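Student: Please find the sequence and the predicted model below.
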Amino acid sequence: MVVKRSVSLGDEVAASVERAAREDGVSFSAWLSSAAERQLRVREGLRGVAAWEAEAGALSAEEIAAGEDLLARLLSGVSGMASRVRRR
């Protein structure tokens with residue numbers, strides 16, 4: 001099911017989204033929806049970390065560094081995969 005909403009964006013944001021959507025080969029709405037989904041996953045993840053830290057204590061500097069390293073590796077793989085998909 002799709003719910004239609006009217007949103008207001010600043011001129012620069014709207015122009016940037018339009019460019020990004022065109023580069024990604026998707027509609028403006030699809031690009032915004034995907035961005036919103038990513039932001040919601042980030043929020044859910046941050047809540048999960050906070051809940052875990054409430055039980056187990058704060059993450060150590062080493063654990064944070066390992067997580068940042070993993071994230072960097074995952075993101076580099078995602079952007080590489082996205083560029084391969086766009087080329088098809």
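Tutor: Ah, there it is. In this text the structure is predicted, and so the values were computed from the model without any measurement. Residues are numbered from 1 along each chain as shown.
Student: and stretch 44-55, C-alpha only, in PDB?
Tutor: Once non-C-alpha atoms are left out, stretch 44-55 reads as follows in PDB (Å, rounded to 0.1, in the frame of the first residue of the first chain):
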ATOM      1  CA  GLU A  44      16.200   1.900  15.400                       C
ATOM      2  CA  GLY A  45      19.800   0.900  15.500                       C
ATOM      3  CA  LEU A  46      20.700   3.800  17.900                       C
ATOM      4  CA  ARG A  47      17.800   2.800  20.100                       C
ATOM      5  CA  GLY A  48      19.100  -0.800  20.100                       C
ATOM      6  CA  VAL A  49      22.600   0.400  21.000                       C
ATOM      7  CA  ALA A  50      21.300   2.500  23.800                       C
ATOM      8  CA  ALA A  51      19.200  -0.400  25.200                       C
ATOM      9  CA  TRP A  52      22.200  -2.700  25.000                       C
ATOM     10  CA  GLU A  53      24.400  -0.200  26.800                       C
ATOM     11  CA  ALA A  54      21.800   0.200  29.500                       C
ATOM     12  CA  GLU A  55      22.200  -3.500  30.200                       C
END
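Student: For stretch 23-41, buried residues please.
Tutor: Across stretch 23-41, burial judged by 16 or more other Cβ atoms under 10 Å covers 31-32. (Each C-beta comes from the backbone N, C-alpha and C, glycine too.)
Student: For it, the averaged confidence score.
Tutor: Throughout stretch 23-41, pLDDT has a mean value of 96.
Student: What of stretch 75-88?
Tutor: 58.
Student: Spell out which residues make up each domain of this structure.
Tutor: The chain is divided into the following domains under automatic domain parsing: 10-57, 59-88.
Student: Deepest-packed of the ones you listed, please.
Tutor: domain 10-57 (a mean of 11; mean count of other Cβ atoms under 10 Å).
Student: Next one: the spatially most central residue of the chain from Arg73, what distance?
Tutor: Residue closest to the average C-alpha location in the chain (Cα atoms, centre = their mean): Arg38, at 3.5 Å. Separation of Arg38 from Arg73 (Cβ to Cβ, to the nearest Å): 18 Å.
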